[in-house]
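**Student:** This is a predicted model, with the sequence first.
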Amino acid sequence: MINIVIFGAPGSGKGTQSDKIVDKYGFKHISTGDVLREEIKKGTPLGATAKQYIDQGQLIPDSLMVDILASVYDSLCPCEGVIFDGFPRTIAQAESLEALLQERGSQVSAMIDLDVPDALLVERLVNRGKTSGRADDNEATIMKRLDVYYKQTAPLIEWYKNEGKYRHVHGVGEIDQIFTDICAVIDKL
Ligand code: AP5
Ligand code: MG
């Protein structure tokens, strides 16, 4: 079974590329952001908690996020492959993911880092904010999300390098060209 972590800052193209991976490889897609936004839409207690963090551009607490991830994972798998989009976002989450997969006889196959410069990330998200309806797609919250990314999430680059699972992909340019580069990584797994 293949487990891919699709990694990158807000707006780096994780969701866009995940959709293409699903189409080509038939893997399951777990976007923790989408899961949380769905809970908000349904008006659940979990959604109410999540909203307090998302609207501020902050991360949901690790323990809560890990429980959600485990239950979504078990609802989709066993299966051929999974793309983790937006998870893990902290070292604690990466350690929990490793334990969760190990308990199920599996492991992370690769972490694909979509590398995009900040100015372009902001431009993409401000643009998307005109139509997305996402409460966190405004310039002030985008800047907070970037700050949180560099402080809490970017350390995972070194973490996955140490695991020998880090794969760099240049995330600027045509969506299809970036996807070709991602496929080259997946096809070698
Ligand atoms: P989440 O939903 O994961 O948001 P994010 O990481 O901020 O990333 P985005 O979804 O905004 O961007 P993306 O990388 O998917 O890019 P996209 O493909 O959309 O998380 C939201 C919040 O939920 C977090 O802030 C946190 O509060 C909470 N949360 C989620 N997971 C959590 C966790 N594990 N722990 C704790 N809290 C968690 O592309 C962006 C735009 O660019 C689109 O408009 C797209 O069309 C465009 N685009 C994409 N590729 C290209 C390209 N090559 N050229 C031009 N435009 C492009
Ligand atoms: Mg996304």
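**Tutor:** Sure, I can see it. Ligands and ions are numbered 1, 2, ... in the order given.
**Student:** Now for the residue of the chain found nearest ligand 1, how many residues are close by?
**Tutor:** Using CB to the nearest ligand atom, G33 is the residue of the chain that sits closest to ligand 1, at 1.8 Å. Quick note: C-beta positions are derived from backbone N, CA and C, even for glycine. Other residues within reach of G33, judged by other CB atoms under 10 Å, total 19.
**Student:** burial of the residue nearest to it when sequence neighbours are not counted, as a residue count?
**Tutor:** Leaving out its chain neighbours, the residue that sits closest to G33 by CB to CB, 6 or more residues apart in numbering is G86, at 4.7 Å. For G86, the neighbour count with other CB under 10 Å is 23.
**Student:** and if you look at A50?
**Tutor:** With other CB under 10 Å as criterion, A50 counts 23.
**Student:** Tell me who's in contact with the residue nearest to P10 when sequence neighbours are not counted.
**Tutor:** Spatial nearest neighbour of P10, excluding adjacent residues (CB to CB, 6+ apart): R145 at 4.4 Å. By CB atoms under 8 Å, 6 or more residues apart in numbering, R145 lies in contact with P10, G57, D136.
**Student:** One more: K165?
**Tutor:** V5, V108, S109, A110, M111.
**Student:** So the last one: helix, strand or coil?
**Tutor:** Secondary structure of M111, reduced to three states by DSSP: H, G, I helix; E, B strand; the rest coil: strand.
**Student:** List the residues that contact it.
**Tutor:** I4, V5, F7, L156, Y160, E163, K165, Y166, R167.
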